[in-house]
Structures are given as C-alpha cells and as structure tokens.
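*Asks:* Would you be able to build a 3D model of this:
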Amino acid sequence: QVQLVESGGGLVQAGGSLRLSCAASGHTFSSYVMGWFRQAPGKEREFVASMTTSGSSAYFADAVKGRFTISMDNAKGTMYLQMNNLKPEDTAVYYCNGCLTGISSNCRRLLVSGSWGQGTQVTVSS
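*Replies:* Numbering: from 1, shown residues only. Modelled structure (predicted):
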C-alpha cells in the first residue's frame, strides 16, 4: 500500500501563508485523484481540496476557495497545498489521501483509498 506523508505545517499569523506537502512512497500516488482534508479540534474531518494527478481538474471547499491552491509534481510523487490569507478557522491537522476509486466526489464524501497518516498541524494565530 502506498504510504503518504504530510509535512509543511506550522504556526503562522492570520493573513500569512504556508505550503503543505504530501509525499507518496515510491513516488506513486495512491489514486488518480488526490485530496487534502483537515480536522480541527473537536470537529469532524472535512474535505479541503482535490485534484486529478494530471492536474486537469481541481475542486475546493467553499471555505478555502480563492485562498488555497493545489498542485502536483508527478515526478516526485508529491502533492502540494498552497494556503494563502490564512485565517484562525483554518487551524487544524491537515491530511492527504487518495479519493476512493479515483472519483473526485468521493473525496468530498470523505471516501478515501488509503489509511490516514499522521497529518501536519497548521495553527493560525489571530
């Protein structure tokens, strides 16, 4: 099974930026469509964004639309989440995973192809 490792989190002030990385073992993504998710303290995990590994199509949750972008480096087997204009409500542990059966809408339903990793903590101070 492909292992995914998230990194790049940290503490940032509101309005700041961070870039998260999701590295796939063997440089091979686990699904044709990959997604980012987050879980804030005391809340359920939620969908953030997804993109086909070809880069042809992307979806974003309304809460992050216009502030976050997603990109792929297939040669490195790495997916990125560029987060700009961060808000305190973006504070969460961020995870990556494949969308089940390579269908983007499955990510929006939190139906994923692999197990959850450790995630990376993002903390936005006001």
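*Asks:* Centre of the chain to stretch 99-117, how far?
*Replies:* 12 Å (CA atoms, centre = their mean, to the nearest Å).
*Asks:* now Thr78, nearest residue through space, not along the chain?
*Replies:* Spatial nearest neighbour of Thr78, excluding adjacent residues (CB to CB, 6 or more residues apart in numbering): Ala23 at 4.9 Å. (Each C-beta comes from the backbone N, C-alpha and C, glycine too.)
*Asks:* Could you report the neighbour count for the one you found?
*Replies:* Neighbour count of Ala23, defined by other CB atoms under 10 Å: 16.
*Asks:* Any idea what it is bridged to?
*Replies:* Val5, Thr78 (DSSP bridges).
*Asks:* Please list all residues in contact with it.
*Replies:* Residues near Ala23 by CB atoms under 8 Å, 6 or more residues apart in numbering: 4-5, 7, 76-78.
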